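K.L.:
need coordinates for the following:
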Amino acid sequence: MPTLFKDIYEDTLEFVRTFGAFQLFFLRLVRHTPRMVVRRPGLIIKQIYNTGTLSLVIIMVCGLFVGGVLGLQGYSNLSRFNAEDSVGAVVALALLKELGPVITALLFAGRAGTALSSEIGLMKATDQLSAMEMMAVNPVRRVLVPRFLGGVVAMPLLVAIFTCIGLFGAHIVAVDLLGVDVGAFWQQMQLSVSADDVREGVLKSFVFGIVASLLAVWEGYNTIPTAEGVGRATTRTVVITAICVLILDFMITAVML
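P.N.:
Below is the predicted model of the structure:
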């Protein structure tokens, strides 16, 4: 029993230390953000391209089929109550408030998050970050901040694209394949979706963008500078981001309700 309590104490203490270091790391990124936005916007635009534009294919393909599945399931369930015309409203609310932000964040972590983590981890393993410090270049400001901001800006845009493509996929399935009236499909959607629903989706996408980008650069910057360490950091990026996204999704939904 004494050994068990000792292990619990040490694990708790290590968690508190890591969480505190994580918060200080986030504050360092925030402190350097205004200067990078003013002086080096080109670096941020490049990272928006790397994290956002290069993720468009997987976002659009997944959004199309997620919307199609929602159209099929919505029609199947609503037809039991003779409410097939409400398919558009159900799909729009599901994509705007939940599936759009959550699935996009998970896809972002699997594509862009792992790329950021492995890239920064390899820079550390090959002593590129140390070389920057030797040349009086702050690696946090030069390397981490543009990648962090690029992910934060790209996430809401990817969520918007995912949602629009998902609605298009639902329209194809419900209207073109299942015969739902096109006017009723869009009218029910317009009547059911409010500005609060859109704001909730935007808030979630912005929060998930901060979390996913922050975890990616954190894991890459603090990785063990070996090939095995970079692989572990990449895996932790996906796993921890997925857990944090789902927990925050529940918390934000509870607060908004």
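
K.L.:
can you give me the neighbour number for residue 154?
P.N.:
Around residue 154 there are 25 other residues, counting by other Cβ atoms under 10 Å. For every residue, glycine as well, the C-beta is placed using N, CA and C.

K.L.:
likewise residue 239?
P.N.:
Number of residues near residue 239 (other Cβ under 10 Å) recorded here: 12.

K.L.:
chain neighbours aside, what residue packs nearest to residue 141?
P.N.:
Closest residue to residue 141 apart from its sequence neighbours, by Cβ to Cβ, 6 or more residues apart in numbering: residue 32 at 4.2 Å.

K.L.:
sorry, wrong one. I was asking about residue 110.
P.N.:
residue 238 (5.8 Å).

K.L.:
report the central residue of this protein.
P.N.:
In the chain, the C-alpha nearest the mean C-alpha coordinate belongs to residue 105, at 2.6 Å (Cα atoms, centre = their mean).

K.L.:
secondary structure element for that one?
P.N.:
Here residue 105 sits within helix 100-108, counting by DSSP states H and E.

K.L.:
in the stretch 151-257 of the chain, which spans are helices?
P.N.:
Assigned helices in the stretch 151-257 of the chain, in chain order: 182-192, 195-221, 227-256 (criterion: DSSP state H, counting those that start in this stretch).

K.L.:
and among those, the most buried is which?
P.N.:
The highest mean neighbour count among those, using mean count of other Cβ atoms under 10 Å, belongs to helix 195-221: a mean of 21.

K.L.:
which elements pack onto that one?
P.N.:
With contacts taken as 3 or more Cβ pairs under 8 Å, 6 or more residues apart in numbering; DSSP states H and E, helix 195-221 sits against helix 2-39, helix 100-108, helix 114-125, helix 145-171, helix 227-256.

K.L.:
give me the below-cutoff pLDDT ranges for the chain.
P.N.:
The model of the chain has pLDDT under 70 over residues 1-2.

K.L.:
next, count neighbours for residue 72.
P.N.:
Residue 72: 16 neighbours (other Cβ under 10 Å).

K.L.:
surely it meets residue 173?
P.N.:
Yes - contact between residue 72 and residue 173 holds when scored by Cβ atoms under 8 Å: they sit 5.7 Å apart.

K.L.:
give me the common contacts of these two.
P.N.:
Shared contacts of residue 72 and residue 173 (Cβ atoms under 8 Å, 6 or more residues apart in numbering): none.

K.L.:
with distance to residue 77 added, can I get the helices of the stretch 151-257 of the chain in a markdown table?
P.N.:
Formatted as a markdown table, these follow (distance: least, Cβ to Cβ, whole Å):
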| stretch | distance to residue 77 |
| --- | --- |
| helix 182-192 | 15 |
| helix 195-221 | 20 |
| helix 227-256 | 21 |
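
K.L.:
out of those helices, which gets nearest to residue 135?
P.N.:
Residue 135 sits nearest to helix 195-221 of all these, at 18.0 Å, using Cβ to Cβ.

K.L.:
next one: that closest one to chain centre, how far?
P.N.:
How far helix 195-221 lies from its chain's middle: 5 Å, per Cα atoms, centre = their mean, to the nearest Å.

K.L.:
can you check stretch 189-196 too?
P.N.:
Worked out by Cα atoms, centre = their mean, stretch 189-196 lies 24 Å from the chain centre.

K.L.:
first-to-last residue distance for it?
P.N.:
Using Cα to Cα, to the nearest Å, one end of stretch 189-196 lies 14 Å from the other.

K.L.:
ok, and what's touching that stretch?
P.N.:
Contacts of stretch 189-196 (Cβ under 8 Å, 6+ apart): 86, 88, 89, 91, 92, 93, 96, 167, 256.

K.L.:
same thing with stretch 140-149?
P.N.:
Under the criterion Cβ under 8 Å, 6+ apart, residues 28-29, 32-33, 35-37, 40, 43-44, 46-47, 51, 116, 119-120, 123, 129, 132, 213-214, 216-217, 221 lie in contact with stretch 140-149.
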